[in-house]
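Novice: only geometry, no sequence info:
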């Protein structure tokens, strides 16, 4: 244009054929997080492995080449292996003899290992996985053995047990009967919303003669707990003090878990769309506020966008500035331009 000073400013336009591209900042946040406790290592592995296809398809300038990413994640897996206790569990930093495996950390690492095993991108030691699964199978007794677990609420205990069943289902174990028994023991009074979401996922993917009735009961319960506007939806939950410290709970993580659960039973529900928009609205500089939130939201939104974007993109994007035509780009497949 005339009368423009060339040393000042520019217009840069980036378009994408998939909404998955909007998640790259959260991936960058997980990758560049400077600390490496067990939660942060496993959350990074969870988030990046869940969107591995996105990382391969889209070049993000804030991330290194895929070979460098691979080396980093392999190193993370080895660090986690070195922190495993003899009972299969994990602590926040170490496996010293004078400390105990942390139940939530142990389940979270098992979750990350399940994704790695299913994705088949990285090698993970078979014995490491077997020991981790054994810990999950004994989760209630592992909790009871801790000298400080007597101070935990039943809601927190049942949430840990629900998360363990969810992860075991990710390993393709049929634990629907155990999920049903846990629901009958706890009821909604002693079951957090995210625990209900984990059980709902287990029941939706495993076989049980009575699961459909329980699925309907839990779904109805969710509908009565949601806060909706015309565009967004969210859930407000709390465990109390012990849930904040033991479960690393947050409202956005709960929203993500419940979104994933609803996508298993009613993916066309407007509630799924509203939860997705609500989660997107809580991003700050493209990411959520913790490694926990980032990894669980990435898992849920990856599933959401793959369902909603089932058809391969094939269209032309046109760019206009007021009445001036600035160009176009043809898309075939999920790419960024």
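Specialist: Structure's in. What do you need? Remember, it's a predicted structure, so these values are computed and weren't measured experimentally.
Novice: If you tally nearby residues, what's the number for residue 192?
Specialist: By other C-beta atoms under 10 Å, the residues close to residue 192 number 24. (C-beta placed from N, C-alpha, C; glycine too.)
Novice: again, but for the one 3 residues further on
Specialist: Other residues lying near residue 195 total 30 when counted by other C-beta under 10 Å.
Novice: what do you get for residue 189?
Specialist: Residues contacting residue 189 under the criterion other C-beta under 10 Å number 7.
Novice: Which pLDDT value goes with it?
Specialist: Each residue has a pLDDT score; the one for residue 189 is 92.
Novice: Secondary structure of residue 143: a helix, I assume?
Specialist: Yes. Secondary structure of residue 143, determined by DSSP: H, G, I helix; E, B strand; the rest coil: located in a helix.
Novice: how close does the closest residue to it other than its chain neighbours sit to residue 246?
Specialist: With C-beta to C-beta, 6 or more residues apart in numbering as the criterion, residue 143 has its nearest non-adjacent residue at 5.0 Å, and that residue is residue 149. Summarising the geometry, the distance separating residue 149 from residue 246, computed by C-beta to C-beta, to the nearest Å, is 9 Å.
Novice: same deal with residue 295?
Specialist: 18 Å.
Novice: more neighbours, these two?
Specialist: Summary of the neighbour comparison: residue 295 and residue 246, criterion other C-beta under 10 Å, with residue 295 having more neighbours (31 against 22).
Novice: quick one: secondary structure of the more buried one?
Specialist: When the structure is split into helix, strand and coil by three-state DSSP, residue 295 lands in helix.
Novice: correct me, but the residue nearest to residue 143 touches residue 141?
Specialist: No. With contact defined as C-beta atoms under 8 Å, residue 149 and residue 141 do not form a contacting pair (10.8 Å).
Novice: So for these two, which residue has more residues nearby?
Specialist: Neighbours per residue, other C-beta under 10 Å: of residue 149 and residue 141, the larger number sits with residue 149, 17 against 8.
Novice: Residue 320 - that's part of a strand, no?
Specialist: Yes. Secondary structure assignment places residue 320 in a strand (three-state DSSP).
Novice: Tell me what it is bridged to.
Specialist: For residue 320, the beta-bridge assignment (DSSP bridges) gives partners residue 325.
Novice: Number of residues surrounding it?
Specialist: For residue 320, the tally of surrounding residues (other C-beta under 10 Å) stands at 10.
Novice: Test my guess that it contacts residue 326.
Specialist: Yes. Residue 320 lies in contact with residue 326 (C-beta under 8 Å); the separation is 6.3 Å.
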